[in-house]
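Chemist: below: sequence and its predicted model.
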Amino acid sequence: MASSATAELAPERIVRLEEDGPAVVLLDQRRLPDEVVDVRCATAADVADAIRDMVVRGAPAIGVAAAYGLALAALRGDDLVAAEAALAASRPTAVNLPWALARMREEPTPERARALHEQEVERCRMMAAHAAELFQPGTRALTHCNAGGLATGGYGSAVGALRAAAERGLVERVLVDETRPLLQGARLTAWELEQARIPHAVIADSAAGSLMARGEVDLVVTGADRIAANGDTANKIGTYSLAVLAAHHRIPFYVIAPTSTLDRETPDGSGIPIEERDPTELTSRFPARNPAFDVTPAPLIAAIVTENGVHHAPYQESLA
Ligand code: MRU
């Protein structure tokens, strides 16, 4: 049975605003699971740097951190246009970042940022309950990257679904893609599943196909960074390959994401900006390419689960 989250994963432990100081305080996800330490950001520019450096990462958590960053700028009496511009430019792919900033613009207060944070966590709980309906007793799931509480500011999207399903006794075990090059799966998802006492095993990303071929995977669940109007979905690099593999093996591929990740302004995946990160995250010795995300075409996605329910194709209509 899954246990409740530990103190490390309480929403305010992952990201919070301290008005006495003031500062945005972030659990440093670069150093987990070996070290559980905070980073204090004294300005919105510091928060933008922390998002860029992936102290905090995961689409909804990036949005929440940016909301607190704008509230911090307002508390300090800083130039809010400049603060918003710095935060908006920190990472390009997760639409939750501009979504959160737009909601903070009229009223950049700590109360509003905290309400936005609480609502994101509540959305996670709601979509996890919907997603758990997709699991059968004894489900052997596979997930990619970290779409857990660390990535959403609490509870998690894809990991939230695994938690809700495990609480109902439906999860036999979870295969966790290590998720190269920054190992969000091997470091963060495995850590969260360990704390939730959900049986799991980390695998090399390249092992997913052969384990599917051996019949060891019943479904795939991932999060999302941006979902276009037609359902094309950007997520961590390697997600597209998994979805192709899942289709080949007739395994359902589910995307779990809050409505804050929907981008109705972008008609399809070709319009989603894909972040290219520093090639030295891969190798300093040779030339390298480091796209951080890819786009999974909607026809490869069996369902997209939001807090509103389970959506099936055509997504243009079901997500509208
Ligand atoms: O580069 P990251 O670690 O920010 O990428 C995170 C992901 O791709 C997650 O799967 C996505 O943001 C969904 S988080 C609920």
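Modeler: It's in. Residues are numbered from 1 along each chain as shown.
Chemist: state the phi and psi torsions of the closest residue to the ligand within the chain.
Modeler: Using CB to the nearest ligand atom, the single residue of the chain nearest to the ligand is Gly223, 2.7 Å away. Where C-beta positions appear, they are placed from N, C-alpha and C, glycine not excepted. With angles defined as degrees, to the nearest 10, Gly223 sits at phi -90, psi -160.
Chemist: now stretch 51-71, how far from the centre of its chain.
Modeler: 11 Å (CA atoms, centre = their mean, to the nearest Å).
Chemist: do stretch 205-222 as well
Modeler: Offset of stretch 205-222 from its chain centre (CA atoms, centre = their mean): 20 Å.
Chemist: outside of it, which residues touch it?
Modeler: 131, 134-136, 138-145, 147, 158, 161-162, 175, 177-180, 203, 235-236, 238-239, 241-243, 245-246, 248-249, 251-256 (CB atoms under 8 Å, 6 or more residues apart in numbering).
Chemist: can we see that at 7 Å?
Modeler: 134, 139-145, 147, 158, 161-162, 175, 177-180, 203, 235, 238-239, 242, 245-246, 249, 251-256 (CB atoms under 7 Å, 6 or more residues apart in numbering).
Chemist: partner strands of the longest strand belonging to the chain, parallel or antiparallel?
Modeler: Ordering each strand of the chain by length in residues (DSSP state E) puts strand 171-177 first. When sheet partners are counted by DSSP bridges, strand 171-177 sits next to strand 139-143 (parallel), strand 200-203 (parallel).
Chemist: any part of the following helix or strand past the longest one near the ligand?
Modeler: So the one you mean is strand 139-143. Per DSSP states H and E, the first helix or strand lying C-terminal to strand 139-143 is helix 149-152. Yes: part of helix 149-152 sits near the ligand under the criterion CB under 6 Å from any ligand atom, namely 151-152.
Chemist: give the next helix or strand downstream of helix 149-152.
Modeler: Immediately after helix 149-152, counting by DSSP H and E, sits helix 158-167.
Chemist: can you report how many residues neighbour the residue nearest to Arg57 when sequence neighbours are not counted?
Modeler: The shortest distance from Arg57 to any non-neighbouring residue, by CB to CB, 6 or more residues apart in numbering, is to Gln29 (5.9 Å). When neighbours are counted by other CB atoms under 10 Å, Gln29 registers 23.
Chemist: residues touching Gln29, list them.
Modeler: 54-57, 150, 188.
Chemist: mind listing which of those are in helices?
Modeler: Among those, DSSP state H puts Leu150 in helices.
Chemist: quick one: the helices in the stretch 151-300 of the chain, in order.
Modeler: Ranges of helices within the stretch 151-300 of the chain are 158-167, 190-195, 208-213, 239-248, based on DSSP state H, counting those that start in this stretch.
Chemist: just say which of those is most tucked in.
Modeler: Highest mean neighbour count among the helices of the stretch 151-300 of the chain (mean count of other CB atoms under 10 Å): helix 158-167, with a mean of 28.
Chemist: that one and the ligand, are they touching?
Modeler: No: judged by CB under 6 Å from any ligand atom, helix 158-167 stays clear of the ligand, getting no closer than 6.7 Å.
Chemist: that helix versus strand 139-143: what angle between them?
Modeler: 170 degrees (axes from the mean of the first three to the mean of the last three CA atoms, to 10 degrees).
Chemist: state the mean pLDDT of helix 158-167.
Modeler: Average pLDDT, helix 158-167: 98.
Chemist: again with stretch 61-70
Modeler: For stretch 61-70, the mean confidence score works out to 98.
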